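Q: build the 3D model from these lines:
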Amino acid sequence: MEIILKQDIPNLGYKDEIVKVKNGYALNYLIPKGMAINATASAKKSHAETIKQRAHKEAKLKEQAAELAEKLKAVSLTIGAKTSSKGKIFGSVNTIQVAEALAEKGYEIDRKNISFHEDIIKEVGKYTAKIRLHREVVVEIPFEIVSE
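A: Numbers count the residues shown, from 1 in each chain. Reported below is the predicted structural model:
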């Protein structure tokens, strides 16, 4: 079944994309939750017109994201965490701490756009965070976890 996404859905697609999914997934989850609409012929036609009108705005947003990505490549973060004598962190470091550290440097990035290569960070060391600024612009920032 073809649907038009109304919002970004991880591992499926981005807003305004037309994707094929199984009937049950579309009819029982995506459409009732308001995440997608059925891709009928008339919906596809109006969707194409909407995309055409948004193309200029999208190009501008992508350009701004690319400029911000260039600035972020030079940033290196240091995040303090309470640790044991062996270097294990009490708790873990997550995207909230990285977003706060970026805010201190003057970059307001939503924590939902930040991800790590590792699942859970529980030790002192050097890591990288992947930041999605735009659907086509992703930048990796190195950060270091130090003991407080």
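Q: please report phi then psi for the closest residue to residue 107 other than its chain neighbours.
A: Closest residue to residue 107 apart from its sequence neighbours, by Cβ to Cβ, 6 or more residues apart in numbering: residue 72 at 6.5 Å. Yep, even glycine has a C-beta here, placed from its N, CA and C like the rest. Summarising the backbone geometry of residue 72 under the convention degrees, to the nearest 10, its torsions are phi -70, psi -20.
Q: residue 131 is in contact with residue 72, correct?
A: Yes. Distance between residue 72 and residue 131: 6.7 Å, which falls inside the contact criterion (Cβ atoms under 8 Å).
Q: who has more neighbours, those two?
A: Looking at residue 72 and residue 131 with other Cβ atoms under 10 Å, you find the greater number of neighbours at residue 131, namely 23 against 18.
Q: quickly note the distance from that one to residue 143.
A: Noted for residue 131: a distance of 11 Å to residue 143, by Cβ to Cβ, to the nearest Å.
Q: try residue 12
A: Computed with Cβ to Cβ, the distance linking residue 12 and residue 143 is 29 Å.
Q: between these two, which is the more surrounded one?
A: Summary of the neighbour comparison: residue 12 and residue 143, criterion other Cβ under 10 Å, with residue 143 having more neighbours (21 against 15).
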